[in-house]
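Enquirer: predicted structure and sequence below. I'll ask about it afterward.
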Amino acid sequence: MTALESVLFAASVFCAAAPLAAQTQTASPGKLVAAPRIDSSLEARENQYFADLSQRLREVYQASGDGRAIALLSHTITEFRARKKGLLAEAALLGPIRSAPRQPPAIWVQTREALLASPAAAKMPARRQRNPALEYAFRRFDEAQLTTLNPPKTPVE
């Protein structure tokens, strides 16, 4: 190992350890350190999930071509299925109350209704009728059950 390699290795070890040292909390005697609120963190990630999903659906509806819409739907199914699986697993770790079926946030419902009332969404049924691949992509999206954070009703690939 050359001198330069050993210096780079030592710097990488130091940089990797620095964030860990900053994260540790030391309590003085008689003073309690509050544990982070996992539940609110999970809620924040769930809200972000729905915000990202609504943005992605907006992109699908406003896609300039059917091919682009199909690609966006396919990518959305892959990405959000993994995110949903992670959120459900984390909720299950928090206990039966947290893993019970949950309703999406009200802002998601409002955003989705506004999106479905948009001119781009009004044109989508005609686009889906003209293009069977686009219809199939939307059917796959619906079957993935990504618009709720409940466990899937049927096994999904």
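Expert: Sure, I can see it.
Enquirer: what's the neighbour count on residue 150?
Expert: 15 (other Cβ atoms under 10 Å). Backbone N, C-alpha and C define where each C-beta goes, glycine included.
Enquirer: equivalent analysis for residue 44, please.
Expert: When neighbours are defined as other Cβ under 10 Å, residue 44 has 11 of them.
Enquirer: so which strand or helix has it?
Expert: Assigned by DSSP states H and E, residue 44 belongs to helix 38-61.
Enquirer: name the residues of that helix that are buried.
Expert: 42, 46, 49-50, 53-54, 56-58, 60-61 (16 or more other Cβ atoms under 10 Å).
Enquirer: show me what that helix packs onto, helices and strands only.
Expert: Contacts defined by 3 or more Cβ pairs under 8 Å, 6 or more residues apart in numbering; DSSP states H and E place helix 38-61 against helix 66-93, helix 106-116, helix 119-130.
Enquirer: sketch out the low-pLDDT regions of this protein for me.
Expert: Applying pLDDT under 70 to the chain flags the ranges 1-39, 96-101, 152-157.
Enquirer: and with 90 instead?
Expert: 1-43, 88-109, 148-157 (pLDDT under 90).
Enquirer: I'd guessed residue 149 sits against residue 87; true?
Expert: Yes - here residue 149 reaches residue 87: they are 5.9 Å apart, a contact under Cβ atoms under 8 Å.
Enquirer: before we move on, back to that, so of the helices and strands packed on helix 38-61, which one's packed in deepest?
Expert: Of all those, helix 66-93 carries the top mean neighbour count, a mean of 16, counting by mean count of other Cβ atoms under 10 Å.
Enquirer: what's the angle from that helix to helix 38-61?
Expert: Helix 66-93 runs at 170 degrees relative to helix 38-61, counting by axes from the mean of the first three to the mean of the last three Cα atoms, to 10 degrees.
Enquirer: got the contact list for residue 146?
Expert: Neighbour list for residue 146: 53, 76-77, 80-81, 84 [criterion: Cβ atoms under 8 Å, 6 or more residues apart in numbering].
Enquirer: now do the SS call for it.
Expert: Under DSSP: H, G, I helix; E, B strand; the rest coil, the three-state class of residue 146 is coil.
Enquirer: do you know how far it is from residue 41?
Expert: In this view, residue 146 and residue 41 are 21 Å apart by Cβ to Cβ, to the nearest Å.
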